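Trainee: Could you work out the structure for the sequence below:
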Amino acid sequence: MKKIILLALITVTSFSFIMAQSDNTNTSTLRHVVMFKFKDAATPAQIKSIEDAFRALPKKIDLIKDFEFGINNSPENLNQGLTHCFFLTFHSAKDRDAYLIHPAHKAFVAIAGPQIDKATVVDYWMHK
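Mentor: Modelled structure (predicted):
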């Protein structure tokens, strides 16, 4: 009888663990936040070109599950010169890592790099 109870307990625990891992995998959200400060010499046309190039990445890299961007408008003046924020969503670190070495991302970096004075990147797993 003890063996049956122990076996049942192990089965329930294993099933619960597998379901928790499955739920975590399906709902995992990895955020990749990129903020830029452009060089003073960057023209509005060059900045627009970089915005457009970044916005085109989700169509070129299907690992990007969501994308949005915006320009700082905070009245707090704590942005340290960073003006543009790009917000990407991935389902796994593996997807994010593949994005970083993807040829389309590397081409974007080659376009944007000469006009960027400062870049800040923060990645995090979303928690609610």
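
Trainee: State the helix or strand in which the most centrally placed residue in the chain lies.
Mentor: For the chain, the residue nearest the mean C-alpha position is His32 (2.3 Å; CA atoms, centre = their mean). His32 belongs to strand 30-38 when assigned by DSSP states H and E.

Trainee: and what of Asp95?
Mentor: Using DSSP H and E, Asp95 sits within helix 93-101.

Trainee: The next helix or strand after that helix: which residues count as buried?
Mentor: Once the chain leaves helix 93-101, the next helix or strand it forms, by DSSP H and E, is helix 103-112. Buried residues in helix 103-112, defined by neighbour count with 16 or more other CB atoms under 10 Å: Ala104, His105, Phe108, Ala112. In this view, the C-beta of every residue, glycine as well, is placed from N, C-alpha and C.

Trainee: rewinding a little: pull out the buried residues from the helix holding Asp95.
Mentor: Buried residues in helix 93-101 (16+ other CB under 10 Å): Asp95, Arg96, Tyr99.

Trainee: Next: stretch 107-126.
Mentor: Neighbour-count burial for stretch 107-126 flags Phe108, Ala112, Gln115 (criterion: 16+ other CB under 10 Å).

Trainee: can you give me the end-to-end distance of it?
Mentor: By CA to CA, to the nearest Å, the extent of stretch 107-126 from end to end equals 28 Å.

Trainee: How about stretch 51-68?
Mentor: 11 Å.

Trainee: how about the buried residues of stretch 107-126 in CSV, adding pLDDT?
Mentor: Formatted as CSV, the buried residues of stretch 107-126 follow (pLDDT from 0 to 100):
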residue, pLDDT
Phe108, 98
Ala112, 98
Gln115, 98
